[in-house]
Each structure stands twice: as structure tokens, then as C-alpha cells.
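In: Quick one, fold the following:
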Amino acid sequence: MARTRIAALAAAAALTVGAGLAGCGAADMTRQSSPFADTGGSRTLTLSVQSWVGAQANVAVAQYLLEHELGYHVDTVQIDEVPAWDALSQGRVDAILEDWGHPEQEQRYIDGKGTIARGGDLGVTGHIGWFVPTYFAEQHPDVTDWKNLGKYADLFRTAESGGRGQLLDGSPSYVTNDKALVKNLGLDFQVVFAGSEAAQITQIRQFAKEKKPFLTYWYEPQWLFEKVPLTEVALPGYEKGCDADPEKVACAYPHTPLQKFFNARFAKDGGDAAAFLKKFRWTTAMQNDVALMIAEEKLTPQEAAARWVKENRATWKAWLPA
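Out: Model prediction:
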């Protein structure tokens, strides 16, 4: 599964990823290939970084340790989730450190072509859902059952939702079942895409500042819960396979242990870097600590990683190759 996140924060987020995270240079993989990927044994590698801040936190810490403890040159590239699988298969990037579940790509590239290898659990469990602000849920407790959303549709209406209640989503590039859910559950809502994680956060915080009701697609782990308390709306229970047909989905999102994936050649011949990334595994709280430094304290990803590394030596020492 996947997530999304008006203009100033979006621009700042783009600068953070493009300039701040890639201390050794960033490449747009939709346009070019990194010279540091698939280099056949040299101490260079390229990591794919997704656009949400939790994924930036993973890469920032991994990059810092690879460079400062293992002596690698690390390049980073920002690329959307599904195209990242294509780049990984082709050796244009060496590793994805946070994937929210792409079974079609797994079947094609792991089980079929054998060009991608599993890198193990990240240690973080992700969950997507629909959320309302806790202040609204406390005033209207029944809103936490999807069956009652219709009675509040007028309160969730915005100029962008065309006379219906608004369900605020992030980027259409993320995996989302929301359009199908709205249709199949018979809800008088319109999915409205903010366009990015940063833009969605800006909208949520503005609604919260004004104490307005809103319904939003959101996900855990995410540092924003510490700043804007949100309460999940219970959708029909998830059962394995209930989301197999994207057009017929009428159930909640699953809880997904987030996974790492490597280019198959890198997994086999990547030496200390591959060994380190296989052992790289941390907690939701750790990821949120670094994400909060980046998003709220405005540290660069490198600064946030350096602080976390300094304070958590016992954790990361276990990731280093023997």
C-alpha cells in the first residue's frame, strides 16, 4: 500500500529531497541513471528515496552510516513507487528501503524475472486508513463508523469536492483504494488529491487550526499524529484477498510490515553495503524521531541522521557487518 502527503511546504519538501538528502548528489530517475548504481563491487551504491518523510528518514540514516562507518559513496534518487521497481530491476538503483506492498511487481520481478531480491523487514508496520480530527470524533462519536459518514457529508464539503463531502488524499501516484471504496460503499464523497505529503499536511494543519471537520486518507507511522491528534474511521474489516480486484474493493486497508527490496545483483555481490542494508531494521518510534527532526525542526536529513546516530549507537552497531 502507499500514501501521500499549499505550495510553500511542497516546494520545501522537494528541495529537502533533491538537495538536502542527497549529500552526494541526487538524480531524477525518470530522466537519467545514477552512475553509482550497479557498479559491480566498487564502494558505491544508489538508494531510492520516496517522497514521504518517513522514507527520507530511512535513507538518511542508512546513507550516513554507509558513508561514515563503511566508507561508501551513496547516491540517492527520488522516484515514484511503481517506477522505482522498474529502476531497481534494471539496476538503475540498488535498493528500496520502504515498500508498502506491490504484489504485482513482486510477482513480475522476483518470482518471474528474478531481477529483484527481498531485503527483509524494515521493522516498521504501516497502516493506511481514513481519519477525522479527534476533536470532531469527540463531538460526534458515531463518525468513527463508516456507515455514519453520510450524515456528516455536508460538514466535510469543500470548494474542491463538487457538492459532495471531501475525502482528502495525497498523491495519485501512491497506492490508494479510495475512489473504489467511496463508490462501492455508496458514500456521497469525492476524493480530492492534495498532490504531495507536504501539501496534505499543510491542509490538515490548516483545518485543525480552524477546528474544522475533515476526513482524510492518512497512514501510520507518521509524525503528524503528535501534532494533530487523529481518530481512525472503521471501514469494513480487512480479510486476505478483499482488495485483490481494485475495482471491487470494499474493505479496510491491511496492516503491512514494510519491506526492503534489492536489485538481485546487488543482493548477491553488494558486499558490506548489502549486508548492512539487510540488517538495517528499526522501530516506528525511531523512524518518527528522525522524521520529526526533518519535518518540524527543519534539520537537513544529514543533520537529523547525525543526531540520531550519535544518540543510538547501541542500535546501529548491530547493523554493521561482522
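In: any idea how far Trp316 is from Lys154?
Out: Quick fix: residue 154 reads Asp, not Lys. 51 Å (C-beta to C-beta, to the nearest Å). In this view, the C-beta of every residue, glycine as well, is placed from N, C-alpha and C.
In: I meant Val192, not that one.
Out: Val192 is 40 Å from Trp316, by C-beta to C-beta.
In: next one: Gly123
Out: For Gly123, the distance to Trp316 - C-beta to C-beta - is 12 Å.
In: looking at the protein, which helix or strand is least sure?
Out: Lowest mean confidence among the helices and strands of the chain (mean pLDDT, DSSP states H and E): helix 7-15, at a mean of 34.
In: Would you confirm that Arg307 contacts Leu299?
Out: Yes - if you go by C-beta atoms under 8 Å, Arg307 and Leu299 touch, sitting 7.2 Å apart.
In: where in the chain is pLDDT low?
Out: The model of the chain has pLDDT under 70 over residues 1-41.
In: domains of it?
Out: For the chain, automatic domain parsing gives the domain ranges 7-126+257-317, 128-255.
In: Let's have those in CSV, adding mean neighbour count.
Out: Converted to CSV, the domains of the chain look like this (neighbours: other C-beta atoms under 10 Å):
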stretch, mean neighbour count
domain 7-126+257-317, 19
domain 128-255, 18
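In: Find the centremost residue of the chain, please.
Out: Centroid check for the chain by C-alpha atoms, centre = their mean gives Trp52 as the closest residue, at 4.8 Å.
In: Excluding covalently adjacent residues, which one is nearest to it?
Out: Sequence neighbours aside, Glu197 is the residue nearest to Trp52 in space, at 4.6 Å (criterion: C-beta to C-beta, 6 or more residues apart in numbering).
In: if I look at that neighbour, how far off is Leu224?
Out: Shown here: Glu197 relative to Leu224, a distance of 9 Å by C-beta to C-beta.
In: Contact partners for Phe262?
Out: Leu88, Asp94, Ala95, Ile96, Ile116, Ala117, Arg118, Gly119, Gly270, Ala274, Leu277 (C-beta atoms under 8 Å, 6 or more residues apart in numbering).
In: The last one touches Ile96, doesn't it?
Out: No - with contact taken as C-beta under 8 Å, Leu277 and Ile96 are classed as non-touching, separated by 10.1 Å.
In: Skip ahead from the top helix by length along the chain and say which helix or strand is next.
Out: Ordering each helix of the chain by length in residues (DSSP state H) puts helix 53-68 first. Next along the chain after helix 53-68, taking DSSP states H and E as the criterion, comes strand 73-78.
In: List the pairing partners of that next one within its sheet, with orientation.
Out: Strand 73-78 pairs in its sheet with strand 26-28 (parallel), strand 44-49 (parallel), by DSSP bridges.
In: tilt between the lengthiest strand in the chain and helix 53-68?
Out: Scanning the chain for the strand with the most residues, using DSSP state E, yields strand 116-133. Direction vectors for strand 116-133 and helix 53-68, defined by axes from the mean of the first three to the mean of the last three C-alpha atoms, to 10 degrees, enclose an angle of 140 degrees.
In: Does anything pack onto strand 116-133? Which helices or strands?
Out: Contact analysis of strand 116-133 by 3 or more C-beta pairs under 8 Å, 6 or more residues apart in numbering; DSSP states H and E lists helix 81-89, strand 95-99, strand 215-220, strand 230-233, strand 255-263, helix 264-269, helix 271-279, helix 284-295 as its packing neighbours.
In: can you redo those as CSV with distance to Gln166?
Out: Shown next, in CSV, are these (distance: least, C-beta to C-beta, whole Å):
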stretch, distance to Gln166
helix 81-89, 24
strand 95-99, 28
strand 215-220, 7
strand 230-233, 14
strand 255-263, 26
helix 264-269, 43
helix 271-279, 40
helix 284-295, 24
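In: For His68, find the nearest of these.
Out: Closest to His68 of the helices and strands packed on strand 116-133 is helix 271-279 (C-beta to C-beta; 12.0 Å).
In: Restrict the closest one to CA atoms and write it as CSV.
Out: Output in CSV follows, covering the C-alpha atoms of helix 271-279 (Å, rounded to 0.1, in the frame of the first residue of the first chain):
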residue,chain,number,x,y,z
GLY,A,271,29.4,-6.8,-0.1
ASP,A,272,29.3,-4.8,3.1
ALA,A,273,26.6,-2.5,1.8
ALA,A,274,24.2,-5.3,1.0
ALA,A,275,25.0,-7.0,4.4
PHE,A,276,24.4,-3.7,6.2
LEU,A,277,21.1,-3.0,4.5
LYS,A,278,19.8,-6.5,5.1
LYS,A,279,20.4,-5.9,8.9
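In: nearest residue to Lys279 other than its sequence neighbours?
Out: Trp319 (4.4 Å).
In: can I assume that neighbour is in contact with Phe276?
Out: Yes - counting by C-beta under 8 Å, Phe276 is a contact partner of Trp319 at 5.7 Å.
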